[in-house]
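Asker: need a 3D model of the following:
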Amino acid sequence: MDASIHSQTYKLINSQNYKLINKLTMKHIFFFFASLLCCFTMQAQSMKMVVDQNGEVVGRYVRTNADTYTVEVQDTYDVPKAGNQVVTYSAAAGQGIVYRNQDKKGNINVRREAFRNGTVIAQIPEFDGVPDTYPCLGVENGYYKIRIDGKVGYVRMDMAEWDGMDTF
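Answerer: Next up is the predicted model:
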């Protein structure tokens, strides 16, 4: 009788361990694929820029040549190294601009706080042609912090795009 009880206890423990291991494995697989999806869908949040001695953006950095930097604005061209330097701009540092994601339909809410239920203070309408751009003031909790209509607000990062400079 003792052997039977031990055998049943062993089967129960192994069954529960299997369920626990299976549950943990499925959870880990889910998070792995979720994080992988984020990696492929996240847009660039920083880029190298060429700026002049006054800090004005000359263009997006492409490459370094002997005496010049190749930059891109809407076309690609060379600028002298003298008086210019390569710096990294980032959304997190509050540099560059934000504009609405063209694939999203309808108005996009701009909120007073960086969370889904924050009060809506403005909306970014759909556009035909050239989008409106807004100064990027930083990144917080999955939102771009922007200036719109003289107010500071937040727009969800999946609803907008970031760029180091305005070329529209």
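
Asker: Val130 reaches Phe168, doesn't it?
Answerer: Yes. Counting by C-beta atoms under 8 Å, Val130 touches Phe168, with 4.9 Å between them. Where you see a C-beta, it was placed from the backbone N, CA and C, and this is true even at glycine.

Asker: neighbour count winner among the two?
Answerer: Per other C-beta atoms under 10 Å, whichever of Val130 and Phe168 has more neighbours is Phe168, with 13 against 8.

Asker: tell me the confidence at the more buried one?
Answerer: On pLDDT, Phe168 comes in at 77.

Asker: would you confirm that it contacts Pro131?
Answerer: Yes. Assessed by C-beta under 8 Å, Phe168 is found in contact with Pro131 at 6.2 Å.

Asker: joint contacts of the two?
Answerer: Jointly contacting Phe168 and Pro131 under the rule C-beta atoms under 8 Å, 6 or more residues apart in numbering are Tyr99.

Asker: which is the succeeding secondary structure element to the helix or strand of the chain at the bottom of the mean pLDDT ranking?
Answerer: Sorting the helices and strands of the chain by mean pLDDT, DSSP states H and E puts helix 2-41 at the bottom, at a mean of 49. Beyond helix 2-41 on the C-terminal side, the first helix or strand identified by DSSP states H and E is strand 46-52.
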